[in-house]
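Trainee: Next one to model:
(chains A, B, C and D)
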Protein chains: 2
Amino acid sequence: MKEATLKQIAETLGISITTVSKALKNYPDVSDKTRKAVHDLAHQLQYTPNSFAVNLRTKESKTIGVIIPELVHHFFSSVIDGIVAEAEKNGYLVIIQQSSESVVMEKSQVELLLNKRVDGIVMSLSNESNDDEHLKELLRRGVPFVQFDKISKLLNSSKVIIDDQKAALEATAHLISKGCTKIAHIRGPVNPQNAIDRFLGYKKGLEKHDIPFDPSLVYTCSRVSFEEGKEFAAQIIKDHPDVDGIFCITDLVAVGVLAYFNENNIKVPQQIKVIGFSNWFMSQVITPSLSTVEQPSYDMGVAAFNLLLEEMNARKENRSMEPKTVRLETQIIERESTRA
Amino acid sequence: MKEATLKQIAETLGISITTVSKALKNYPDVSDKTRKAVHDLAHQLQYTPNSFAVNLRTKESKTIGVIIPELVHHFFSSVIDGIVAEAEKNGYLVIIQQSSESVVMEKSQVELLLNKRVDGIVMSLSNESNDDEHLKELLRRGVPFVQFDKISKLLNSSKVIIDDQKAALEATAHLISKGCTKIAHIRGPVNPQNAIDRFLGYKKGLEKHDIPFDPSLVYTCSRVSFEEGKEFAAQIIKDHPDVDGIFCITDLVAVGVLAYFNENNIKVPQQIKVIGFSNWFMSQVITPSLSTVEQPSYDMGVAAFNLLLEEMNARKENRSMEPKTVRLETQIIERESTRA
DNA sequence: GGTATTTTCGAAAACGTTTTCGGTGCGAAA
DNA sequence: TTTCGCACCGAAAACGTTTTCGAAAATACC
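Mentor: Residues are numbered from 1 along each chain as shown, chains lettered A, B, ... in the order given. Next up, the predicted model:
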């Protein structure tokens, strides 16, 4: 009871392998009669083409690779959700790899995927990434490649991103519109591009509404954790008791801030308003519920795959393609933590 | 600038393809001199075997498939984390598929993975699954296959599970040990095995401590959502104002319960204690923090892969293997919501 | 009936590897 | 000198498909 092959079908039907292959792919140069006979038998034998052979012959694997820092992260798992769904629609399979925020890993993953001859790669950089030799190598080899979220600006590849600066500006403006006049910012680590951009957006937001920028109101995360949120909340209250708004790099940190305020009986939003970033699920569930910036993670996955598909098609037809950048819209979500 | 092949190496070295292949795999019947020459040149040309050809020849893909109901779920993404990590150690790649809780999807995913000739499949059933024809087909074909979490008991495959009954019993006993005497249970849907088992554990827990079981204290979820938690919390207070403990099918529901109590000024844990299941991240972050049952999700992934590996090896050597069941330990995590 | 055209088919090469089996050449044993 | 064993190498088949190109058969046209 082995897998059916073209050869088997050909032999039992007394025709050549060539004809069977053509019949199955509905080539014009095969008569309706034989085409039907082949289809029927193939169906009966549950014939499915051996993908190894197809791959070897066509040099396509119909498989793409995805490398992300951490799978267990609402944002990333929902991006992958989008990628997998869109890939499936187009007959592609998705191989997942985790860099665990390490560049060394990242490199070996890329190697592995190339050995597997995936048709393309989509990837979000690890925090550690500064060396991008392995990525340049991808471009040099002409491997279809798109970056999303944590990207390297210098790399001339297709990208899917949000406008972090604009989103941060809007978040800051939102706090101001709710009456805040002294706003602190808990920012992300120094290296990643999106931490930088969100900080700049915060600064611009203040300036736009004629609030002077005060560097002492900016606190820098290293681990971007719940605990850091709590620590910085305490610090902020100690340093600047009159702060009435906080913009946090991400919801996780904001939730830490809220936890500290809850424990110390500081009223949110009455005394101080808080806004996060990314719209994690828990933000709508916590008390008070957390205002935040919605990042269209699923759509980012969809967009990333489609961009990759364009590149893969271009490569198949030996066209070169100018890398594109897709920038998706974000949206302020108002909840209790910033009610006026 | 194409990929290097055995043929190229053979030609530039003036030897046969066979010898090159053997040299690279360190066969004994090739002299040290040629072996070294081949290795050097291969390294220099960055030779990597074409996996399509290898697969075709060896009939192995060194790739496994994973089918889960939802990727965007802390439990599942961390199981996958475990699978991917363990697979990588053993040189396997992982293809992820989502059934989105639909049996039809589930079937087509299985098809797809079989067409791709994955070496094995690990899978958690969708809630909808009652028809397991497609799974039996897997066993019939001898495809290495392991189930985890939501399993079909009737199917004679390897499995990785927790002891839901025991865990639920312990959770109930925990509430009792904290002084609860009237304990409600918000249970999962009627079909899935783990919902049934947790309900039975709850019942046994009561009986063990001589608390009579009262069916009117059991509430049945359909969507297992945050909102349902809130609704049932209200209902419970209305039906039984003297309830002093609630055991919830999962943390998400428990968090809904806590939210309702927070909004209505019902003190947890003073007036009523709450325990969840699964130890989602948000449980430690919410106020009051939620006691729960830790499910070793990452380890389940590791165990699932290792079981699969055993089956794959058995198949390679044409041994048949008796399916095994791995049962992992759970652990009560005490937090504020059940403090005495 | 002969020629031109269309329809239908198949031989064969190619993709890159792995492995079996046999063949050299050479030194040692008889 | 012959024979045997050993170390080293290579020819060739096989995995299952796709596609090119030419051939044969059937049909059309004059």
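Trainee: In the stretch 101-250 of chain A, which residue sits closest to chain B?
Mentor: Relative to chain B, the nearest point of the stretch 101-250 of chain A is A:Asn115 (4.9 Å; CB to the nearest CB). Where you see a C-beta, it was placed from the backbone N, CA and C, and this is true even at glycine.
Trainee: What about the nearest residue to that residue once chain neighbours are set aside, how many residues nearby?
Mentor: Spatial nearest neighbour of A:Asn115, chain neighbours left out: B:Thr48 (4.9 Å); criterion: CB to CB, 6 or more residues apart in numbering or on different chains. For B:Thr48, the neighbour count with other CB atoms under 10 Å in any protein chain shown is 15.
Trainee: And what about B:Thr48, helix, strand or coil?
Mentor: Following DSSP: H, G, I helix; E, B strand; the rest coil, B:Thr48 is assigned to coil.
Trainee: what sits against A:Pro212?
Mentor: A:Leu206 (CB atoms under 8 Å, 6 or more residues apart in numbering or on different chains).
Trainee: Where does pLDDT dip in chain A?
Mentor: Across chain A, the ranges flagged by pLDDT under 70 are A:1, A:129.
Trainee: Would you check that A:Thr12 makes contact with A:Val38?
Mentor: No - in terms of CB atoms under 8 Å, A:Thr12 does not count as a neighbour of A:Val38; the distance is 10.4 Å.
Trainee: hmm, back to that, quick check: the residue of the stretch 101-250 of chain A closest to chain B vs B:Asn90, distance?
Mentor: 15 Å (CB to CB, to the nearest Å).
Trainee: ok, now A:Pro28?
Mentor: Separation of A:Pro28 from B:Asn90 (CB to CB) stands at 47 Å.
Trainee: which of the two has more neighbours?
Mentor: B:Asn90 (13 against 5).
Trainee: Which residue, other than its chain neighbours, is closest to the more buried one?
Mentor: B:Asn90 sits nearest to B:Leu309 (CB to CB, 6+ apart), 6.2 Å away.
Trainee: Could you export stretch A:142-149 as PDB, CA atoms only?
Mentor: Provided in PDB are the C-alpha atoms of stretch A:142-149 (Å, rounded to 0.1, in the frame of the first residue of the first chain):
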ATOM      1  CA  GLY A 142      18.400  37.500  -4.400                       C
ATOM      2  CA  VAL A 143      16.300  35.600  -1.800                       C
ATOM      3  CA  PRO A 144      12.900  37.300  -1.500                       C
ATOM      4  CA  PHE A 145      12.900  38.900   1.900                       C
ATOM      5  CA  VAL A 146      10.700  41.200   3.800                       C
ATOM      6  CA  GLN A 147      11.200  42.800   7.200                       C
ATOM      7  CA  PHE A 148       8.500  43.800   9.700                       C
ATOM      8  CA  ASP A 149       8.200  45.600  13.000                       C
END
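Trainee: All the helices of the stretch 101-250 of chain A, residue numbers only.
Mentor: Assigned by DSSP state H, counting those that start in this stretch, the stretch 101-250 of chain A shows helices spanning A:103-115, A:133-141, A:164-177, A:193-208, A:226-239.
Trainee: which one of the ones you listed lies closest to B:Ser126?
Mentor: helix A:103-115 (29.0 Å; CB to CB).
Trainee: That closest one: which residues count as buried?
Mentor: For helix A:103-115, burial by neighbour count (16 or more other CB atoms under 10 Å in any protein chain shown) applies to A:Val103, A:Met105, A:Glu106, A:Lys107, A:Gln109, A:Val110, A:Leu112, A:Leu113, A:Leu114.
Trainee: so which strand or helix has the residue most central in space within chain A?
Mentor: By CA atoms, centre = their mean, chain A has its centre lying nearest to A:Val79, at 4.5 Å. Assigned by DSSP states H and E, A:Val79 belongs to helix A:74-89.
Trainee: quick one, phi psi at the residue nearest to A:Asn115?
Mentor: Backbone geometry at B:Thr48, expressed as degrees, to the nearest 10, gives phi -130, psi 140.
Trainee: Surely it touches B:Thr5?
Mentor: No - if you go by CB under 8 Å, B:Thr48 and B:Thr5 don't touch, sitting 10.1 Å apart.
Trainee: Excluding sequence neighbours, find me the nearest residue to the residue of the stretch 201-340 of chain A found nearest DNA strand C.
Mentor: Taking CB to the nearest atom of the strand, DNA strand C has its nearest neighbour within the stretch 201-340 of chain A at A:Lys316, 15.6 Å off. Closest residue in space to A:Lys316, ignoring its immediate chain neighbours: A:Glu60 at 7.5 Å, by CB to CB, 6+ apart.
Trainee: And what about the one you found, helix, strand or coil?
Mentor: Classification of A:Glu60 using three-state DSSP returns coil.
Trainee: List phi and psi for it.
Mentor: Backbone dihedrals for A:Glu60, given as degrees, to the nearest 10, come out at phi -120, psi 140.
Trainee: residues contacting it?
Mentor: Shown in contact with A:Glu60 (CB under 8 Å, 6+ apart): A:Val54, A:Asp119, A:Lys316.
Trainee: With respect to B:Ala173, which of these is nearest?
Mentor: For these, the residue nearest B:Ala173 by CB to CB is A:Asp119; the value is 54.0 Å.
Trainee: That closest one touches A:Tyr92, doesn't it?
Mentor: Yes - counting by CB under 8 Å, A:Tyr92 is a contact partner of A:Asp119 at 7.4 Å.
Trainee: residues shared between the contacts of these two?
Mentor: Common contacts of A:Asp119 and A:Tyr92 (CB under 8 Å, 6+ apart): A:Lys62, A:Thr63, A:Ile64.
Trainee: Which of those ranks first by neighbour count?
Mentor: In terms of neighbour count, A:Ile64 stands highest of the shared contacts of A:Asp119 and A:Tyr92 at 25 neighbours, by other CB under 10 Å.
Trainee: check contacts around the residue nearest to that one when sequence neighbours are not counted.
Mentor: Distances taken as CB to CB, 6+ apart place A:Gly120 nearest to A:Ile64, at 4.8 Å, with adjacent residues excluded. By CB under 8 Å, 6+ apart, the residues touching A:Gly120 are A:Ile64, A:Gly65, A:Val143, A:Pro144, A:Phe145, A:Val146, A:Leu308, A:Glu311, A:Met312.
Trainee: ok, so of the residues you listed, who is nearest DNA strand D?
Mentor: Distances from DNA strand D to the contacts of A:Gly120, taken as CB to the nearest atom of the strand, are shortest for A:Met312 (15.9 Å).
Trainee: count of neighbours near the closest one?
Mentor: So A:Met312, with other CB under 10 Å, has 21 neighbours.
Trainee: which SS class is it?
Mentor: Going by three-state DSSP: A:Met312 is helix.
Trainee: Could you check how far it is from B:Arg117?
Mentor: 22 Å.
Trainee: Ok, A:Leu138 next?
Mentor: Distance of A:Leu138 to B:Arg117, computed by CB to CB: 27 Å.
Trainee: now swap in A:Thr338 and tell me
Mentor: 53 Å.
Trainee: And for A:Ser216?
Mentor: Per CB to CB, A:Ser216 is found 61 Å from B:Arg117.
Trainee: Next: A:Phe52.
Mentor: In terms of CB to CB, A:Phe52 sits 6 Å off from B:Arg117.
Trainee: same deal with A:Arg339?
Mentor: Here A:Arg339 is placed at a distance of 56 Å from B:Arg117 (CB to CB).
Trainee: between these two, who's got more neighbours?
Mentor: B:Arg117 (18 against 14).
Trainee: got the contact list for that one?
Mentor: By CB under 8 Å, 6+ apart, the residues touching B:Arg117 are A:Asn50, A:Ser51, A:Phe52, B:Asn55, B:Lys59, B:Ser61.
Trainee: again with A:Ser78
Mentor: Counting by CB under 8 Å, 6+ apart, A:Ser78 makes contact with A:Ser297, A:Tyr298, A:Gly301, B:Leu71, B:Val72.
Trainee: Of all pairs in these, which one is the farthest apart?
Mentor: Taking CB to CB as the measure, the contacts of A:Ser78 span a maximum distance of 11.7 Å, between A:Ser297 and B:Leu71.
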